[in-house]
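A.B. asks: just coords:
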């Protein structure tokens, strides 16, 4: 079992930055690839970023490539999402997830999910 708790969301102006955190507890953090997904009102949940167990490999959705950075800190059992150059279309609930099978862009490959944190970007 893995428990995931996101934090760091809030209201920010366009072109601003935020850093989301996802604290993991329970089973060994290093055995899970980690991912971030988001869901805007009326839209399906979409892939944002993922990072491998080692942290050496990262993957991004097309809409955030070049603006967002995913990272992980094994000592703190925390994964981060640094979001730069934010746009109003980045407004969504952001979810952290853990995958035992490895890095994936697919929601169905993730075993554990956090409760989400709201990010609102004003124009």
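C.D. replies: Structure received. What you are looking at is a predicted structure, and each value in this text was computed from that prediction instead of being measured.
A.B. asks: show the subsequent helix or strand relative to whichever strand or helix holds residue 34.
C.D. replies: Using DSSP states H and E, residue 34 sits within strand 33-39. Counting by DSSP H and E, the next helix or strand C-terminal to strand 33-39 is strand 46-51.
A.B. asks: hmm, back to that, show residues contacting the strand holding residue 34.
C.D. replies: By C-beta atoms under 8 Å, 6 or more residues apart in numbering, the residues outside strand 33-39 that reach it are 20, 22, 24, 45-53, 70, 72, 79, 81, 90, 92-99, 101-105, 107, 110, 116, 119. Heads up, the C-betas are built off the backbone N, CA and C, glycines and all.
A.B. asks: among those residues, name the ones in strands.
C.D. replies: The strands, defined by DSSP state E, take in 20, 22, 24, 46-51, 70, 72, 79, 81, 92-99, 119 from these.
A.B. asks: beta partners of residue 120?
C.D. replies: Following DSSP bridges, residue 120 is listed with bridge partners residue 11.
A.B. asks: tell me the pLDDT of it.
C.D. replies: According to the prediction, residue 120 has pLDDT 98.
A.B. asks: is it in contact with residue 13, as I believe?
C.D. replies: No. Between residue 120 and residue 13 there is no contact under C-beta atoms under 8 Å: 10.1 Å.
A.B. asks: which pLDDT value goes with the residue nearest to the spatial centre of the chain?
C.D. replies: Centroid check for the chain by C-alpha atoms, centre = their mean gives residue 36 as the closest residue, at 2.4 Å. What the model reports for residue 36 is a pLDDT of 98.
A.B. asks: okay, the nearest residue to it once chain neighbours are set aside: pLDDT?
C.D. replies: Closest residue in space to residue 36, ignoring its immediate chain neighbours: residue 48 at 4.3 Å, by C-beta to C-beta, 6 or more residues apart in numbering. With respect to pLDDT, residue 48 scores 98.
A.B. asks: fine by me, we can end here.
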